[in-house]
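Peer 1: Next input, structure requested:
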Amino acid sequence: MAKNDPPMQEGRVLARQAHLGVMLNRSIDEIERVIADIEKGDFSEASDLPRFKRDMVSAAKQLREAEIELDAQRHREKGRVPGADAPIDFNAARAAIGRRLDRLRRTESAEEAPEGDEG
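Peer 2: Numbering: from 1, shown residues only. Alright, predicted model coming up:
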């Protein structure tokens, strides 16, 4: 396979997104753990919160960049250049927006779920 083989590049971007998602989840877990310790009166790791926040922001930015890269790759595969004067594919735009809204809804419902409720 060639170095610039689209499926291989897409696979790398998807793997990168998965890795960044894991990093983001770890940062969230760490923040939640430190906050729980603070609520118990243990402030020993409170100074780590800004680092965890920076890690989360960095991972979120990298996830967005990977998503943009993946979108651009998919446009190239279709023979279109993102932002060019090509007609807008409204069905693809609706599908992409729908996927993003679904992720937001899942995140929101996970945040609203009572503790111990994983479903």
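
Peer 1: Which element, helix or strand, includes L104?
Peer 2: helix 90-112 (DSSP states H and E).

Peer 1: show me where pLDDT drops low in the chain?
Peer 2: Scanning the chain for pLDDT under 70 picks out 1-8, 80-86, 110-119.

Peer 1: longest helix of it?
Peer 2: Looking across the chain with DSSP state H, the single longest helix is helix 6-39.

Peer 1: Walk me through the domains of this structure.
Peer 2: 6-85, 87-119 (automatic domain parsing).

Peer 1: now do the same end-to-end measure for stretch 35-46.
Peer 2: Terminal residues of stretch 35-46 are spaced 8 Å apart (CA to CA, to the nearest Å).

Peer 1: Over to stretch 36-44?
Peer 2: Stretch 36-44 has its terminal residues 12 Å apart, counting by CA to CA.
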